[in-house]
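Trainee: Build me a model:
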Amino acid sequence: MIEGMRLRPVVEADLEVLDAAFNDEDAIGVFNWGGFTDLTVWRKRWAENRLLTEEKSVLMIDVAEETIGFVNWGRNMTGPIGYCYEYGISLWPSARGKGYGTAAQILLARYLFAHSPVHRIQATTDIDNIGEQRALEKAGFIREAVLKELAFRDGRWRDQVVYRMLRTELPQVSI
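Mentor: The predicted structure follows:
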């Protein structure tokens, strides 16, 4: 699908780009923008664990050695001992609308199923984020539910759409 795309761990040089993105609504994207936040959190987490833990992790997305965004995931407890991963993505403005989101989400799904015993991964997105919904569907995710007024963004509560992929539903497509 996308030749030369890879996911990789965050390196120290990426922290400046992440800081800049999270301080700019256009860079992080309207659906990921939650206002200005404490940017030292990224650096503290990176110094502590390189943004890779069993609970919450981040990988950068590269295409032909150029960083175009990041993916993240975290554990979502589903019972006393069960969990799934919930994940998200943010592409830099120049990378949006080119199919990179679909390819990155397939790569992340493959990575999570290959390196953990998790059986379900899911993504929740704003009901107005049609681009992300298309990318998830193209990546093989199944639309499962609309959660009414789940997320607060831009002054009001907004509906969210939940997409899922089970281990047995991982598409066998080349990227």
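Trainee: make it CA atoms for all contacts and neighbour counts henceforth
Mentor: Fine.
Trainee: Distance from the chain centre to stretch 94-109, please.
Mentor: Mean C-alpha position of stretch 94-109 versus that of the full chain (CA atoms, centre = their mean, to the nearest Å) differs by 10 Å.
Trainee: mind listing what's buried in that stretch?
Mentor: Buried residues in stretch 94-109, counted by 16 or more other CA atoms under 10 Å: Arg96, Gly99, Tyr100, Gly101, Thr102, Ala103, Ala104, Gln105, Ile106, Leu107, Leu108, Ala109.
Trainee: Could you export it as PDB, CA atoms only?
Mentor: Below are the C-alpha coordinates for stretch 94-109, written out as PDB (Å, rounded to 0.1, in the frame of the first residue of the first chain):
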ATOM      1  CA  SER A  94       1.000  17.700   4.700                       C
ATOM      2  CA  ALA A  95       0.400  14.000   5.200                       C
ATOM      3  CA  ARG A  96      -3.400  14.100   5.500                       C
ATOM      4  CA  GLY A  97      -5.700  12.700   2.700                       C
ATOM      5  CA  LYS A  98      -3.000  10.600   1.000                       C
ATOM      6  CA  GLY A  99      -3.900   7.100   2.500                       C
ATOM      7  CA  TYR A 100      -1.100   7.200   5.100                       C
ATOM      8  CA  GLY A 101      -3.600   7.000   8.000                       C
ATOM      9  CA  THR A 102      -5.100   3.700   6.600                       C
ATOM     10  CA  ALA A 103      -1.600   2.200   6.100                       C
ATOM     11  CA  ALA A 104      -0.400   3.300   9.500                       C
ATOM     12  CA  GLN A 105      -3.400   1.900  11.300                       C
ATOM     13  CA  ILE A 106      -2.900  -1.500   9.500                       C
ATOM     14  CA  LEU A 107       0.700  -1.500  10.600                       C
ATOM     15  CA  LEU A 108      -0.200  -0.700  14.200                       C
ATOM     16  CA  ALA A 109      -2.900  -3.400  14.300                       C
END
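Trainee: quick one: contacts of it?
Mentor: Stretch 94-109 is contacted from outside by 1-2, 5-7, 61, 68-69, 71, 89, 91, 121, 131-132, 135-136, 138-140, 170, 175, using CA atoms under 8 Å, 6 or more residues apart in numbering.
Trainee: nearest to Lys56, of the buried residues of stretch 94-109?
Mentor: Nearest to Lys56 out of those is Leu108 (CA to CA; 13.8 Å).
Trainee: what about that closest one, distance to Met165?
Mentor: Separation of Leu108 from Met165 (CA to CA, to the nearest Å) stands at 12 Å.
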